[in-house]
Each structure stands twice: as structure tokens, then as C-alpha cells.
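J.: Predicted structure and sequence below. I'll ask about it afterward.
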Amino acid sequence: MNTTALRLLGVTASDPPGGRVERDADGPTGVLRENAAAGVRDLQAERIAADGEALLRAGFADLLAHGVTSVHDIDGYAADPAYRALRAAGELPVRVHQLVWDDRLDEAVADALKVVRDNGADTALQLSYIEILGQINKPQVVSPLLGLLGSNSPAIKRAVMQALMNYDDPKIGQTICSRYQSTLPAEHGLRDTAHQVLASRAAWTRQFLEEIISNRIRQQTIPLDIVQQMRLHDDPEIQKTLDELWGKTRSTPEEKIAQIERLQSLIADRKGRSPVQGRELFKKHCGVCHTLFDEGGQTGPNLTGYERSNLEFLLLAIVDPSAAIREEFTNYQVVTIDGRVLTGLIDEETATTVTLRGANNQQTLLNKDDIDVLQATPTSIMPDGLVEKLTDDELRDLFAYLMARTPPTE
């Protein structure tokens with residue numbers, strides 16, 4: 001603390017109860033230990049309430065003059081209204097990470113919930129708050145977040161489902177299932193996200209399967225990678241239901257060889273087929289993960305530079321994607337301490353976190369302290385069974401696009 005702050009705090013020659021003021025020959029040094037700093041936050045709050053925006057502007061100017069563009073505010077919650085006002089006015093020139101003391105966390109959570117439920121609030125701010133609410137392990141946020149599944153914003157609904165994945169609450173699965181046909185349409189990746197969330201916990205998976213058995217959710221719309229994710233639960237009831245609904249979800253090598261031979265004959269006769277129509281099929285069935293001609297996702301390899309004229313190579317990669325997996329596309333299984341099961345590629349890893357990218361191209365951030373099992377699997381993140389979804393004519397169109405040397409023109 002500087003001299004003015006020490007004077008305002010009333011620091012004298014004696015130490016306050018439960019605290020200590022460091023001193024040298026000239027008096028207090030400005031270093032306060034333990035409860036000696038108890039009045040600092042109140043002093044900050046008073047000054048910020050009186051003239052917070054002006055103080056922040058002056059501070060930002062000083063930071064930028066020294067080339068500093070990102071800071072942590074150890075008690076930024078006191079200045080939150082001032083930060084928000086400056087942000088709304090476009091006057092927040094540095095990135096600020098606000099830290100909230102534990103005794104103020106519930107108050108901060110309540111304020112964040114007000115923002116995420118405010119239809120007039122900035123969507124980017126709402127999305128960032130929803131992500132944080134998913135990480136703080138506060139059960140009181142579950143019901144308000146579930147209420148946002150009725151939002152008009154697909155981005156809000158996706159963020160809410162991803163955030164709720166961190167909470168082990170049966171009503172999360174129940175609500176997603178009940179909203180499935182009304183406010184969670186297939187568009188904008190909403191059902192892809194719902195499938196991933198429902199398959200991540202055993203209790204939700206049982207609820208999910210009950211919806212499928214009752215035909216409230218069509219079995220044919222569930223991707224095989226989600227079936228494989230549900231298979232990871234060590235639950236006899238789930239395994240029995242999956243066997244009844246899908247039987248085997250992986251073909252034998254003999255079946256794959258026969259399938260490749262049939263497709264070689266079929267696709268060799270693709271004269272007159274439409275690569276333009278094939279591009280639409282690629283976007284629907286492959287483009288979430290793969291890029292071709294600068295269109296598509298990043299979860300799987302970029303196919304543009306691949307040996308796409310080699311039909312045998314393409315067929316093996318599509319019919320049996322687990323036959324050869326490049327190291328950077330190794331699929332990982334994660335089991336968390338609280339029972340979630342997730343699969344995906346490791347998109348980023350730090351000393352404390354792991355970020356998974358799933359087959360739907362969505363990321364999940366996990367704290368390493370919350371992980372019980374993290375292991376590579378011999379199964380590709382690309383599921384088997386793509387060719388079974390398409391008619392023979394659609395397969396010819398798809399391969400006409402996959403094997404084209406240049407992007408098709410209309």
C-alpha cells in the first residue's frame with residue numbers, strides 16, 4: 001500500500017488485532033499481513049463507488065503507457081459495475097481477469113444469473129458467464145440454467161447444456177429429454193450437444209435410452225459415436241439396452257472386407273454423378289470434423305492434401321476408421337471422479353487442465369484434479385457405419401466430390 005492508502009486506513013505505530021504491518025527504519029513499508037489488510041476492500045469499495053470509472057480510466061492509461069494489456073484484479077468484483085459501464089461504452093482497452101473472494105462468491109453468482117437471464121444483455125457476456133457458472137460447482141445455478149433451455153438463442157442453449165454437464169443432477173437429464181422435441185431442434189448443433197451431454201453420465205444415459213425405447217426420440221437419429229460413448233458406462237442395465245437397440249456397433253474384419261469390395265465395384269461406376277450434390281452430403285456427414293477445399297471442421301485430418309484419387313485408401317479409412325489412426329488424432333477416454341464419461345481428442349493440455357474436442361467439434365474443459373481416468377483408446381473418434389446411412393446413388397455422389405481434384409462449380 002502507498003502512503004496515502006496507509007493514512008486512509010489509519011495505520012499507526014501499533015499492529016491491528018490478528019494482523020501485522022511490516023516496518024523499517026522509516027516506518028510502515030506498505031506491506032500488510034493477515035488481518036492488517038481487513039479494511040483494504042472496504043476502502044477500495046468506497047473509492048470505486050465514488051468515482052470508479054474515472055479511477056479505472058486513469059489506471060488503464062498508466063498500464064497502456066507501460067505496454068501492459070492484460071491484468072488480474074484481485075478484488076475486481078467491487079469494481080464490476082464500473083468495468084461493465086466502461087465495457088458498454090467501448091472504453092475497456094485491456095483484458096481484465098476479475099478474482100472474487102469466497103465470501104462474495106454467492107453474491108457474484110446471483111449477479112451473473114441476472115445477466116444470463118436478461119434478454120437485453122450482451123450475448124457474448126452471457127456466454128462467458130454461463131461457461132464460468134459451469135465451472136464453479138454451485139448447485140443453485142442448475143435450475144436457473146435449465147430455464148434457459150427455452151431461450152430463443154441457440155448459442156445460449158448450447159452453452160447451457162455444456163455448462164450443466166459438470167453438475168451431477170438427475171433433473172438435468174430429465175429436462176433435456178423433455179425439451180428435446182420442443183426447444184432443442186436438430187438445427188445449430190443443439191441435438192448434437194444434447195446427445196453428448198445425455199451420454200456423459202450413467203443416470204442421464206438411462207433417461208436417454210428410455211426416451212428412445214418409448215419412441216419419443218428416434219433411434220435412427222442417434223449417431224454411432226454417441227452409442228459408443230454410452231457403451232463406456234460400466235452399467236449392466238445400459239449395456240443390455242444398447243445390445244437390444246443396436247446389437248453390435250462394430251463390424252468384424254470379414255464384414256468390413258466384404259463391404260469394401262462391394263463399394264469398390266459400386267463407386268467405380270460413378271460416371272455422371274454429381275460432385276455438387278456430393279459436397280452437400282460431405283457437409284452433412286463429414287464436414288463437422290473434416291475440411292475439404294477450405295470448408296469443414298478441424299477435429300479430423302484436412303482431406304484436401306490427402307491421396308484422394310486412391311479409392312482403396314479412401315474406402316479403408318471410411319469403412320474401418322480405426323484401422324490406422326495418426327498419433328495427433330488419437331481418441332481419448334476420460335472418466336471423471338464424479339462419474340462422467342467423455343471421449344475426444346486432446347485439443348490442449350496445461351499443467352492443470354485438459355481440453356477435449358469431441359466428434360461434434362465442441363470443446364470440453366476439464367480440471368485435471370477432477371479426472372479419474374485419462375487413457376488413449378484403440379477406436380477412432382470417427383464412428384463406423386457412415387456408408388450404411390447413404391443410398392448407393394448418394395455414395396456415388398459423395399465419392400465424386402471426395403475424389404475431385406478441384407472444388408465443383410454449380
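T.: That came through fine. Residues are numbered from 1 along each chain as shown.

J.: Can you list the low-confidence ranges for the stretch 151-300 of the chain?
T.: Where the stretch 151-300 of the chain drops to pLDDT under 70, the residues are 248-252.

J.: could you pull out the helices for it?
T.: Assigned by DSSP state H, counting those that start in this stretch, the helices in the stretch 151-300 of the chain fall at 154-164, 170-179, 190-198, 202-213, 224-231, 236-246, 253-268, 275-285.

J.: out of those helices, nearest to Gly339?
T.: Gly339 lies closest to helix 202-213 among the helices of the stretch 151-300 of the chain, at 6.4 Å (C-beta to C-beta). All C-beta spots, glycine's among them, are computed from the backbone N, C-alpha and C.

J.: now the helices of the stretch 151-300 of the chain as a markdown table including mean neighbour count and distance to Asn367?
T.: What follows is those, written out as a markdown table (neighbours: other C-beta atoms under 10 Å; distance: least, C-beta to C-beta, whole Å):
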| stretch | mean neighbour count | distance to Asn367 |
| --- | --- | --- |
| helix 154-164 | 22 | 14 |
| helix 170-179 | 19 | 19 |
| helix 190-198 | 23 | 18 |
| helix 202-213 | 20 | 21 |
| helix 224-231 | 22 | 21 |
| helix 236-246 | 14 | 26 |
| helix 253-268 | 14 | 39 |
| helix 275-285 | 18 | 34 |
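
J.: I'd like those helices laid out as JSON lines, including distance to Pro407.
T.: Putting the helices of the stretch 151-300 of the chain into JSON lines (distance: least, C-beta to C-beta, whole Å) gives the following:
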{"stretch": "helix 154-164", "distance to Pro407": "28"}
{"stretch": "helix 170-179", "distance to Pro407": "38"}
{"stretch": "helix 190-198", "distance to Pro407": "26"}
{"stretch": "helix 202-213", "distance to Pro407": "38"}
{"stretch": "helix 224-231", "distance to Pro407": "28"}
{"stretch": "helix 236-246", "distance to Pro407": "36"}
{"stretch": "helix 253-268", "distance to Pro407": "20"}
{"stretch": "helix 275-285", "distance to Pro407": "8"}
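
J.: who wins for proximity to Ser380 among these?
T.: Closest approach to Ser380 among the helices of the stretch 151-300 of the chain is made by helix 224-231 (9.4 Å; C-beta to C-beta).

J.: and the angle from the closest one to helix 190-198?
T.: 20 degrees (axes from the mean of the first three to the mean of the last three C-alpha atoms, to 10 degrees).

J.: Quick one: list the elements packing against helix 224-231.
T.: helix 190-198, helix 202-213, helix 236-246, strand 341-349 (3 or more C-beta pairs under 8 Å, 6 or more residues apart in numbering; DSSP states H and E).

J.: what are the ranges of the strands in the stretch 251-400 of the chain?
T.: Listed in chain order, the strands found in the stretch 251-400 of the chain under DSSP state E, counting those that start in this stretch are 291-292, 295-296, 332-336, 341-349, 353-357, 363-367, 371-376.

J.: between the ones you listed, which one is nearest to Gln126?
T.: Between Gln126 and the strands of the stretch 251-400 of the chain, the tightest spacing by C-beta to C-beta is seen for strand 363-367, at 17.9 Å.
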